[in-house]
Structures are given as structure tokens and as C-alpha cells.
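Novice: Fold the following for me, if possible:
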Amino acid sequence: MFRPVDISLLVMFRIVFGVLGFVDVLGTILHKETRDNLTNEFQFKYYGFEWIQPMPEWLILIFMTAMCCLGILIALGLHYRIATILFALGFTYFNFSEVTQYLNHGYLFCWLSWIMCFIPAHRCASFDVQRKPEIYSDTSAQWHIYLFAFLMGVVYFYGGLAKINTDWLRAEPLLTWLQYKRRLWLIGPLISQDWVAWAMSYGGLALDLFAVPLLLFRRTRPVVFVFILLFHFINTLIFQIGIFPTLSIALSLFFFPPDLPRRLFARFCEYFPKMGNRIKEFFASSDLSKMSDEYVPPSPAKQKITIAVLSIIIAFHLLIPFRHHLIPGNVAWTEEGHRYSWRMMLRGKTGSGYLLIKDVQTTKETKEYGTKHLTKRQRRKMRTNPELILQYAHFLRDKAKEEGREIEIYAHIKAGLNGRKKQTYTDSTVNLAKEEYPFFGHAKWILPLE
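Specialist: Below is the predicted model:
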């Protein structure tokens, strides 16, 4: 855990992480639908994060621009500690400000952001070393490598376990999704054929389940890494899923020897000596080789604290993805226990309907479709997620209460899952204005999947 290893793999990841952080936040700035969600008067909240309030659009733009700058500072290794802490705070705030923006890779990036605050990835090939040569080190602790490899292993393996379900084994939702891609230039006619969906379903299942065991062995490591590259290239080509493919590839490299980037850079210098020497001169001072002291392991007390914290992190990631098994019903249908469980690309859901609002005093009934208070994305997500249906019902209830009215709210929602016909999703006889969402249990007003 605490033996010294080459730091070059951490340096490489620092650069990749900073660049991906910049790209992801920049994409948010340029994507109007996301900006609309973040600035809308009503936002769906994570339980425990109700205190987060929407920003005006001008402040969101300033906030995101600052985040882009922090990503660049991290990549360059300039003011690294401050930049990583501020980036972790900002990225976590962004990801927990609106439920409908949840993405698995965003959740993973939050964890990585906080871990980077404690990883000394700036102690080599960085501007911080130029400013303070005394911090230089060409080694880091083995547990730094293990932790990143573990997180990627969790994503792969739990993603594979989640795919062992009846829908995925009948190639859904890929059969449905790939039909929507049939008009893609050049590849559309090919990928819309049924056999492609079946091949991708079972190929993805096999890769997720066996990637980690095969990456652990030196002989099979290069072969499975080629399949990982191919897998993520195909996903990027077809689904355009942001930074996740590049991030996964970078994290998969932590299964390789830690000195891999150093050896690759040495090979690069052989072919391009002038460019390689310039890079060396840019990131290093003439006395750098004299400044690398022998590795001094942390004290026994610090080692115990480190192991305790890592044990908590590991236990959390091993147990949380299983929590939906304690809740009745199909998790893809009920959404209860879906988040933080690496259930990636497993469900294609469509929903329609409205909330029926009944005024207790006048008995007047009105239909609420969400067009006044919700963005297009929020409406689409709400109709397929009971937690969001209830949150919006409570928002309408509280708004009516402020106006001095008492109302009852009944959800008339239908939903379809993975190519099935739409069926009644919610019990329209239950008054949602009086219901509370069971965060660790099952909401009985969600009707079972037929």
C-alpha cells in the first residue's frame, strides 16, 4: 500500500483529468438545454441537498468559466492543491443542483475530483515544480494507483452485473435505440440491423464482467485493453456520451505498470528528440535530478488513518450498488436504488400523462402537464421517475398553500420500458400531496411492471 512507485501514471492522469474537466464544463456552457435546467425557477432536488438554489444565467456562465480555468490549472499542475479543492467543490455543486442532470460519469467524476485533492500528482512535470523545485518527487505511494484501478474496476464489474437481466439478455434497449440511429451517415444502415444490437449487448456484458480479471494478468492485459478501446470507440461513434469513454480508457491504464507513461515518453523522445527535449526543459529545472530525495513512508499513525479512510470508501462502493435488491420491484421501472449503482444504458423509458389537481374547497379539477414550471428535459424525465413526480406534486401543493388553497394531487401517468407498450405507471387514487417518498424503501403508489 505504501511502497514507492513511479509517479508518471499519476501525472498523465492529472493532465487527462484536467482536460476532461475543462471539456465537460465547456460542453455545459454551450448546451442550452442544460443551462435552462440549471437556471429554471423549479429544480428537482437530491434528498439532503434541498438547500441548493438555482443561479441566474449570468452567474452560471461566470461559475462555469471559472471551472474551465480550474481544469486547465489542474492539467498544468499550477496551484494544484487550491485548484483541485475548488474544482471538486464546484463540480459537486453542479452535479447535485438538478436531479435530471444525473449521469454516471458525472457521479464518478465527483469522486475523482475529491480524490485528486489528496493525490500529489503535481510533484512532477508541473508548473508547481517550476515554482517550488523542493516539492519534486518521481515516486508516489502504491495505494494511489490501487485506488484509481479499484474505482474503474467497480464501474466495469457492477456495470456487468447490472446487465444480467431479462431485458438486456433480449438485446433491449439497444434494439430500440439503434433503430433511431438508422439515419446516421454511413454507419446508420449497418448499426440498425438487429444482429448488431445482439452483438453489442452480449459483447458489452462480457467485457464488463471480464475486463477487470483480464486486466490483472500481464499476458491478457494488452488484448483486453484493445477491446476496451474498440468498445468505447463504438459507443462514442453511436451514442456521443461525452467524456466517459476517454475517462474510462485513462482509468483502465492504472492496471498497467506505473512507469508506462515514462517508458512511452522515452520512446517518443527517440523518434522526436527535439520536441522531447523541449518538453523536458519546459517542465524541469537543471538541478531537478538532485532534488529527488529517497522515499520516506508516512508514519504508522498516518498509515492507519489512510487505511481506515480507504476502507470506508471501498465498502461504500461495494455495498451501495446492491441496495436496490432490498427494495421490491424492477429497479429500471421504479427507479428506486437506480442512482450510484452503475446501471448504465439499461433502460429506455417513455412516459405521458398529467397530474390532476383537485381544489378541496371548490372541488374544481385542473390538469397539470408541467409546461409552465418545467423545462422540456424536466418534463420528459419526470414522467418516467416516481421520485420526481412526487417532488413536483409537493411543489404544486406548497405553491397552492402559499396562495391560501388546499389541493389534492393525483398522478395519471403511463410509461413504457424497453420497447414495451405503455402501461399505467402510478396509482391515480393516491393523493400525492400527502405522500412522502421512502428514500430507502418502496413507494406503494408505483404500480408494478406487467
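Novice: Please parse this protein into its domains.
Specialist: For the chain, automatic domain parsing gives the domain ranges 1-136, 138-258+298-347, 350-434.
Novice: Figure out which of these is closest to Gly276.
Specialist: domain 1-136 (12.6 Å; C-beta to C-beta). C-beta here means a position set from N, CA and C on the backbone, and glycine is covered the same way.
Novice: So which helix or strand of this structure has the lowest pLDDT on average?
Specialist: helix 273-283 (a mean of 74; mean pLDDT, DSSP states H and E).
Novice: can you give me how far the helix or strand that comes right after that one is from the chain middle?
Specialist: Using DSSP states H and E, the helix or strand that follows helix 273-283 in sequence is helix 300-319. The chain centre lies 22 Å from the centre of helix 300-319; the measure is C-alpha atoms, centre = their mean, to the nearest Å.
Novice: from here on, count from 221
Specialist: Sure, I'll start numbering at 221, so the last one becomes helix 520-539.
Novice: which residues are contacting helix 520-539?
Specialist: Helix 520-539 is contacted by residues Met221, Phe222, Trp363, Leu367, Phe370, Leu371, Val374, Pro517, Pro518 when judged by C-beta atoms under 8 Å, 6 or more residues apart in numbering.
Novice: Tell me the buried residues in it?
Specialist: The neighbour-count check on helix 520-539 (16 or more other C-beta atoms under 10 Å) flags Thr526, Ile533, His537 as buried.
Novice: Return the closest of those residues with respect to Arg441.
Specialist: His537 (22.7 Å).
Novice: Going by contacts, tell me the helices and strands next to the least confident helix or strand of the chain.
Specialist: Judged by 3 or more C-beta pairs under 8 Å, 6 or more residues apart in numbering; DSSP states H and E, the packing partners of helix 493-503 are helix 480-491.
Novice: which residues sit against the helix it packs on?
Specialist: So helix 480-491 is contacted by Asp226, Ser228, Leu229, Val231, Met232, Leu473, Met495, Gly496, Asn497, Ile499, Lys500 (C-beta under 8 Å, 6+ apart).
Novice: which two in those residues are spaced the farthest apart?
Specialist: Leu473 and Asn497 (25.0 Å).
Novice: any idea which element the residue nearest in space to the middle of the chain lies in?
Specialist: The structure's the chain has its C-alpha centroid closest to His325; by C-alpha atoms, centre = their mean the separation is 2.0 Å. Using DSSP H and E, His325 maps to helix 324-336.
Novice: Report the spatially nearest residue to Gly636, omitting neighbours in sequence.
Specialist: Lys642 (4.1 Å; C-beta to C-beta, 6 or more residues apart in numbering).
Novice: burial measure for that neighbour, as a count.
Specialist: For Lys642, the neighbour count with other C-beta atoms under 10 Å is 15.
Novice: From His662, how far out is it?
Specialist: Distance of Lys642 to His662, computed by C-beta to C-beta, to the nearest Å: 22 Å.
Novice: do Glu622 as well
Specialist: Counting by C-beta to C-beta, the gap from Glu622 to His662 is 31 Å.
Novice: who has more neighbours, these two?
Specialist: A count of neighbours by other C-beta under 10 Å puts His662 above the other of Glu622 and His662, at 15 against 7.
Novice: ok, Leu473 and Asn497, which is more surrounded?
Specialist: Ranked by neighbour count (other C-beta under 10 Å), Leu473 and Asn497 place Leu473 first, with 22 against 11.
Novice: Validate this expectation: the more buried one resides in a strand.
Specialist: No - judged by DSSP: H, G, I helix; E, B strand; the rest coil, Leu473 forms no part of a strand; its state is helix.
Novice: correct me, but it touches Ser228?
Specialist: No - judged on C-beta atoms under 8 Å, Leu473 makes no contact with Ser228 at a distance of 10.8 Å.
Novice: give the contact list for the residue nearest to Asn260 when sequence neighbours are not counted.
Specialist: Sequence neighbours aside, Thr595 is the residue nearest to Asn260 in space, at 5.4 Å (criterion: C-beta to C-beta, 6+ apart). If you count contacts by C-beta under 8 Å, 6+ apart, Thr595 has them with Glu253, Asp256, Asn257, Asn260.
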